[in-house]
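**Q** fold the following and give me the result.
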Amino acid sequence: MVAGDGGDGCISFRRERFVPKGGPDGGDGGRGGHVIVRTDPHLSTLIDYKYRRIIRAKRGQHGRGKQQHGKDGKDAIIRVPVGTVVKDATTGEVICDLSNEGEKIIAKGGRGGRGNASFATPTDQAPRRREKGQPGERRRIVLELKLIADVGIVGQPNVGKSTLLSRLTRAHPKIAAYPFTTLTPNLGVLTYGDKSIVLADIPGLIEGAHDGKGLGYDFLRHIERTKALLFLLDAVARDLDEQLDALRNELRLYYENLATKPSLIAVNKIDLLPQSELDKLDLNPDIIPISALTGYGIPELIKKLLALTETISKGEEDGGKEKS
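**A** This next block holds a predicted model:
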């Protein structure tokens, strides 16, 4: 992206009838336009910038006679979803993290040059010099979107995350009986009375995701922004403890703090177990048995999700008061 160059200053002298010794009146050049990244709550993807590789701000106007200063160049606005991280493509340094609504100048426009009127002094009343405008900044950046949600639904492929999201919210994610149906995160809003929370159906996690296997980083980078996690286990697959350990281990290997986020555990597909196996299923009281397909256990899950997010929000408010 390229910020605008500053406009050049002007060399001019006032020449009018009956105005002897009019003096220098060259105006200054205008500032070049900035390149600004601004969040837009109506956007949810960065698809607009997949093929738009060069973004250029306008240059400042040149100064003119009669001390007319040039107009500043028009800024180039890059509108992005909340949760976008802007990185320098060369160094990998994070320029800004737009986790809340706001904006950031990432390439400054060049300063406008001064006209000869700005150089007039008692000892040099007719200067014949001016400044050229300075060039605007140029830089290559990478835009990366990290999802922001209250609760991220974490589980292995085909465990029923999308079905659960459609059951809890009005979202309509793609649902099919094969792994990696979900290729990008799906969002849904769970509303219960006067309360609501944002849920995210995150692409399935497999062992080795921290090294990029499966959907790898496409999964894990979105988990960073969720306030809490809902571990979803499969009642008919392998041992429940093994499933949970595998999920937590991948989170820990990617980023240690992910494994310590507040969380709930639910076991899905209870409806597929024969009554004999269901009776043998010895679940921890903190684990919620559910069937996303039939709705079994969903009311209890909703209450615990709302209680968890309310506790987190209260903690954030208390922490904010202590800091202030």
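**Q** list the residues that contact Arg170.
**A** Gly188, Val189 (Cβ atoms under 8 Å, 6 or more residues apart in numbering). Heads up, the C-betas are built off the backbone N, CA and C, glycines and all.
**Q** and Leu293, by the same measure?
**A** Counting by Cβ under 8 Å, 6+ apart, Leu293 touches Gly160, Thr163, Arg167, Lys269, Asp271.
**Q** show me where this protein has its helices.
**A** Taking DSSP state H as the criterion, the chain carries its helices at 161-168, 216-223, 240-254, 275-280, 298-323.
**Q** pLDDT on the second one, on average?
**A** This means helix 216-223. In this model, helix 216-223 has a mean pLDDT of 58.
**Q** next: the first one.
**A** Taken as a whole, helix 161-168 carries a mean pLDDT of 86.
**Q** use 43 as the first number for this chain going forward.
**A** All right, first residue 43 from here; so that's helix 203-210.
**Q** list the buried ones in that helix?
**A** Lys203, Ser204, Thr205, Leu206, Leu207, Ser208, Arg209, Leu210 (16 or more other Cβ atoms under 10 Å).
**Q** any regions of the stretch 243-366 of the chain where pLDDT drops low?
**A** 245-264, 280, 296-297, 321-324, 358-366 (pLDDT under 70).
**Q** go with 90
**A** Scanning the stretch 243-366 of the chain for pLDDT under 90 picks out 243-270, 276-303, 313-329, 335, 351-366.
**Q** buried deepest among the helices of the chain, which one?
**A** Most buried of the helices of the chain by mean neighbour count (mean count of other Cβ atoms under 10 Å) is helix 203-210; its value is a mean of 23.
**Q** and that helix, what does it pack against?
**A** Helices and strands touching helix 203-210, by 3 or more Cβ pairs under 8 Å, 6 or more residues apart in numbering; DSSP states H and E, are strand 193-196, strand 228-234, strand 237-243, strand 305-310, helix 340-365.
**Q** go through the third one and flag the buried ones.
**A** What it means is strand 237-243. Those would be Ile239, Val240, Leu241, Ala242, Asp243, for strand 237-243 by 16+ other Cβ under 10 Å.
**Q** now the first one. Nearest residue, chain neighbours left out?
**A** Using Cβ to Cβ, 6 or more residues apart in numbering and skipping the chain neighbours, the partner closest in space to Ile239 is Asp192 (4.2 Å).
**Q** ok, the one you found touching Thr268?
**A** Yes. Counting by Cβ atoms under 8 Å, Asp192 touches Thr268, with 7.0 Å between them.
**Q** which one's more surrounded, those two?
**A** Neighbour count, other Cβ atoms under 10 Å: between Asp192 and Thr268, Thr268 has more, with 26 against 20.
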